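Participant: got a predicted model here, sequence first, then my questions.
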Amino acid sequence: MDRCGWVGSEEIYIDYHDTEWGVPERDSRALWEKLVLDGFQAGLSWITILKKRENFREAFKGFDPETIANWGPAEVETLLGNPGIVRHRGKIEATILNAQAYLKIEEAEGFDQFLWKYVDGTPLQNRWASLAEVPAFTPMSERMSKDLKAQGFRFCGPTIVYAAIQAMGLVNDHVVTCPRHAACAALA
């Protein structure tokens, strides 16, 4: 199988690529989790986050925004002591603020609607011949990043946002030689 070039040889990475990355996600909470995890990934490799994902889910109470939005300094300190996650104060504090911002958007229009409006509800189908062609960010991710920041989000720059929307399936960035390209296109 000629998978995308970023996929390593570890089973967890292969499984993520083959079953999740690029599959259109419509659940608001799941979309928020993907954005938060991509924020934690900033400066690190995705495999690091992927290996810690279950620890993150446990530490962040299933990424329940209603719970996290009410956290304060005590919870931040507890998380900073958790070796199973990325212990970065700024990213942890941003997750709390992002939960608060998420709740406002979810109430106003739905977080899923907020994100999916950037592609008019239909995933963009890119046709990259090689990994070298895939951009780190796009004008759309720059707009989305700016709009998320205006809503109170942090750790959501254009590159982080683009990685998240790839994972969320708002764009199909599997290279055309990857079998998942056609599979994800069919889900659109």
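Facilitator: Great, that's in hand.

Participant: ok, which stretches of the protein are strands?
Facilitator: Under the criterion DSSP state E, the chain contains strands at 124-125, 171-172.

Participant: just give me the neighbour total for V86.
Facilitator: Neighbours of V86 under the rule other Cβ atoms under 10 Å: 20. For the C-beta atoms, the positions are set from N, CA and C on the backbone; glycine is no exception.

Participant: again with the one 3 residues further on
Facilitator: As a burial measure, R89 scores 11 neighbours (other Cβ under 10 Å).

Participant: contacting residues for it?
Facilitator: Taking Cβ atoms under 8 Å, 6 or more residues apart in numbering, we find R89 in contact with V76, L80.

Participant: please report how far it lies from A132.
Facilitator: Taking Cβ to Cβ, to the nearest Å as the measure, R89 falls 35 Å from A132.

Participant: ok, back up a step: how about a markdown table for the strands of the chain, with mean pLDDT, mean neighbour count and distance to E66 added?
Facilitator: Formatted as a markdown table, those follow (pLDDT from 0 to 100; neighbours: other Cβ atoms under 10 Å; distance: least, Cβ to Cβ, whole Å):
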| stretch | mean pLDDT | mean neighbour count | distance to E66 |
| --- | --- | --- | --- |
| strand 124-125 | 98 | 14 | 31 |
| strand 171-172 | 98 | 24 | 29 |
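
Participant: show me where the protein dips below the pLDDT cut-off.
Facilitator: Counting by pLDDT under 70, the ranges of the chain that qualify are 1.

Participant: in it, which helix is the longest?
Facilitator: When the chain is parsed with DSSP state H, its longest helix is helix 89-108.
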